[in-house]
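Q: Structure, please.
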Amino acid sequence: MSKEQAPGWVVPVMRFGYSARGVVYIIVGGLAVLAAWRGGSAEGTTGALQTLKGAPWGYAALWIIAIGLFAYAVWRLIDAWMDLENYGTDMKGIVARTGQTVTGLIHAALGVGTIRMAMGDSSGSGDGGGTQSLASRVLAMEGGAIIMMILGVITMGAGIYYGYKAYAEKYKEHLRGTSTTEKLDPAIKAGLVAHGIVIVLIGTFLFYAGQNTDPGQAGGIGAAFDTVRAQPFGRILLGLLGLGMLGFALYCFVEAIYRVVPRVAGDSVTTLASKAKSRAEGEARRAAARMP
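A: Modelled structure (predicted):
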């Protein structure tokens with residue numbers, strides 16, 4: 001497999017993977033909004049998927065989502081290995097590609113958990129349970145507390161990066177520039193910020209679990225929602241965060257349809273970033289022409 005050219009199946013796998021990820025976050029965000037509206041706790045990723053089991057088509061949906069999550073994992077791992085987005089081999093590129101690898105492995109694990117649900121295994125139910133189980137295994141290792149704190153810091157850094165990605169509009173570099181993507185841009189930004197907040201909270205839980213050598217302090221998306229819910233005006237904040245997660249689901253679907261893979265698409269594709277740059281340059285030229 002050459003690193004210069006991506007295999008033809010990569011893009012369809014990527015689009016299927018992003019779609020499955022979007023479905024997961026629609027469920028997560030929708031349940032969070034309902035919890036804020038009705039009162040009570042919101043579900044994390046695993047708990048949200050568990051709700052599908054009660055639907056007539058739930059088990060079939062779980063299998064489809066599981067395959068999609070594996071597709072997303074494969075896309076991320078191939079993306080990192082072949083450097084399909086041209087991050088390079090300098091320190092910045094290595095960090096970005098390492099992040100892609102970790103993201104791929106996380107979604108592969110989520111895919112395994114979803115298959116277990118589809119097969120009727122409820123032993124891994126509960127969003128915090130899986131995170132706490134992982135924390136228990138890490139803390140049992142030699143130097144596990146330090147490793148756990150490092151994982152927490154890395155996770156917090158990933159969450160902060162989501163916020164930076166929204167603020168600096170880095171995501172525009174990989175989205176095709178169309179009227180649809182331009183209209184959806186505000187919701188995409190809100191979704192990235194909301195997801196970043198949740199990831200920072202998860203990283204904080206992991207850090208404290210390592211600091212106190214207590215796996216019970218680790219938690220996933222459900223624990224992040226519970227933390228927000230416990231704050232003053234918590235139901236309002238939870239509702240806003242749930243809406244933000246729906247925005248992140250929208251971002252995943254936009255990625256599924258409009259994402260550009262540089263090694264596949266080439267340099268001639270107009271992205272949101274290049275479109276915005278051209279518009280800014282045009283406005284600058286017009287402003288200069290008007291000057292005396």
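Q: how much space between the residue positioned nearest the centre of the chain and Leu250?
A: In the chain, the centroid-proximal residue (C-alpha atoms, centre = their mean) is His195; its distance is 6.8 Å. Distance from His195 to Leu250, counting by C-beta to C-beta, to the nearest Å: 11 Å. C-beta: built from backbone N, CA, C; applies to glycine.
Q: what residues does the helix or strand Asp226 falls within touch?
A: Assigned by DSSP states H and E, Asp226 belongs to helix 221-229. Here helix 221-229 makes contact (C-beta atoms under 8 Å, 6 or more residues apart in numbering) with 28, 32, 35-36, 41-47, 126-128, 131, 197-198, 201-202, 205, 219, 234-235, 237-238, 241-242.
Q: Val23: neighbour count?
A: 20 (other C-beta atoms under 10 Å).
Q: same deal with the one 10 residues further on?
A: One way to gauge burial is a neighbour count; for Val33, by other C-beta under 10 Å, it gives 20.
Q: Wait, it touches Leu240, no?
A: No. Val33 is beyond contact range of Leu240, at 9.2 Å (criterion: C-beta atoms under 8 Å).
Q: for Gln211, what are its contacts?
A: Gln211 neighbours (C-beta under 8 Å, 6+ apart): 145, 149.
Q: ok, back up a step: just the buried residues out of the contacts of helix 221-229, in ChimeraX syntax.
A: Entered in ChimeraX, the line below selects the buried ones among these, by 16 or more other C-beta atoms under 10 Å:
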select :28,32,35,36,42,43,44,45,46,47,126,127,128,131,197,198,201,202,205,219,235,237,238,241,242
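Q: Just the ones of the contacts of helix 221-229 in helices?
A: 28, 32, 35-36, 45-47, 127-128, 131, 197-198, 201-202, 205, 234-235, 237-238, 241-242 (DSSP state H).
Q: returning to that earlier point: send me the helix holding Asp226 as PDB with only the CA atoms.
A: Taking Å, rounded to 0.1, in the frame of the first residue of the first chain, the C-alpha atoms of helix 221-229 are listed here in PDB:
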ATOM      1  CA  ILE A 221     -19.900  11.900  28.700                       C
ATOM      2  CA  GLY A 222     -22.700  11.000  31.200                       C
ATOM      3  CA  ALA A 223     -20.500  12.200  34.100                       C
ATOM      4  CA  ALA A 224     -19.800  15.400  32.200                       C
ATOM      5  CA  PHE A 225     -23.500  16.000  31.800                       C
ATOM      6  CA  ASP A 226     -24.100  15.300  35.500                       C
ATOM      7  CA  THR A 227     -21.400  17.800  36.400                       C
ATOM      8  CA  VAL A 228     -23.000  20.500  34.300                       C
ATOM      9  CA  ARG A 229     -26.500  19.600  35.600                       C
END
